[in-house]
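Trainee: got a predicted model here, sequence first, then my questions.
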Amino acid sequence: MNATALEIRIVGDPALRKKAKRVSRVGPGHAKTLSDMARQMYDSKGIGLAAPQVGINECLIVVDIGTGLYKLINPRIVRRQGRQELEEGCLSVPGVYLKVRRARKIRVEALDETGAARTIDAEDLLACVFQHEIDHLEGKLIIDYASFLEKLSLNKKLRNIKNERLSEPQGQHTRL
Ligand code: ZN
């Protein structure tokens, strides 16, 4: 049986630029949405996905870098430490990879799918992915971190992405 497929929104879609709403009361609908998002993330071979990427205007993210699945509601970074700069891709910006400077270690506070409070300490790639997904909840994309020169070369590529959705991004890059 075919599960309900959530459609990944691509750069240019206004859903990606809205600030997501905090969840005031966790209900069974959120658990289902998080499961659907996780399925979409795995199907897309991504390691993270935020609700705005599937057109849902709520603070929900899923992350799995291969060390276990996180399904989080209202995630918030409460501590940042150090610096790192990894090359990031994004399921919503296919074919574009940019180095983004972020904190190397973070602490995230969130609710899980049952509404229970969770505190997660993350570093390196996991910290990067959480920061990337939480950016999505603020309507922020990796292209916003591009330098002026990078933006010049990105413009044509972004126009093409907006005109026609590219097929699967190539390579072993990080897709979030
Ligand atoms: Zn992304």
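Mentor: Yes, it's here.
Trainee: what sits against residue 151?
Mentor: Taking Cβ atoms under 8 Å, 6 or more residues apart in numbering, we find residue 151 in contact with residue 143. The way it works is simple: take the backbone N, C-alpha and C, and place the C-beta from them, glycine included.
Trainee: tell me which element it is part of?
Mentor: In the assignment (DSSP states H and E), residue 151 maps to helix 148-163.
Trainee: what pLDDT, on average, does that helix get?
Mentor: Here helix 148-163 scores 84 as its mean pLDDT.
Trainee: tell me the buried residues in that helix?
Mentor: For helix 148-163, the neighbour count (16 or more other Cβ atoms under 10 Å) marks 154, 157, 158, 161 as buried.
Trainee: ditto for stretch 124-138
Mentor: Neighbour counts over stretch 124-138 (16+ other Cβ under 10 Å) mark 126, 127, 128, 129, 130, 131, 132, 133, 134, 135, 136, 137 as buried.
Trainee: can you tell me the SS state at the third one?
Mentor: At residue 128 the chain is in helix, as set by DSSP: H, G, I helix; E, B strand; the rest coil.
Trainee: residue numbering should commence at 130 henceforth.
Mentor: Let's use 130 as the start, then, which means that last one is residue 257.
Trainee: who does the nearest residue to it once chain neighbours are set aside bridge with?
Mentor: Spatially, and ignoring its direct neighbours in sequence, residue 257 is nearest to residue 215 (5.1 Å; Cβ to Cβ, 6 or more residues apart in numbering). Taking DSSP bridges as the rule, residue 215 bridges to residue 229.
Trainee: now do the helix holding residue 280: distance to the chain's middle.
Mentor: 20 Å (Cα atoms, centre = their mean, to the nearest Å).
Trainee: cool, and stretch 275-291?
Mentor: In terms of Cα atoms, centre = their mean, the centre of stretch 275-291 is set 20 Å apart from its chain centre.
Trainee: now stretch 216-225
Mentor: Offset of stretch 216-225 from its chain centre (Cα atoms, centre = their mean): 10 Å.
Trainee: got phi/psi on the residue of the chain found nearest the ion?
Mentor: Nearest to the ion in the chain, going by Cβ to the ion, is residue 219, at a distance of 3.2 Å. Phi and psi for residue 219, reported as degrees, to the nearest 10, are phi -150, psi 130.
Trainee: what number of residues lie near it?
Mentor: The number of residues packed near residue 219 is 31, by other Cβ atoms under 10 Å.
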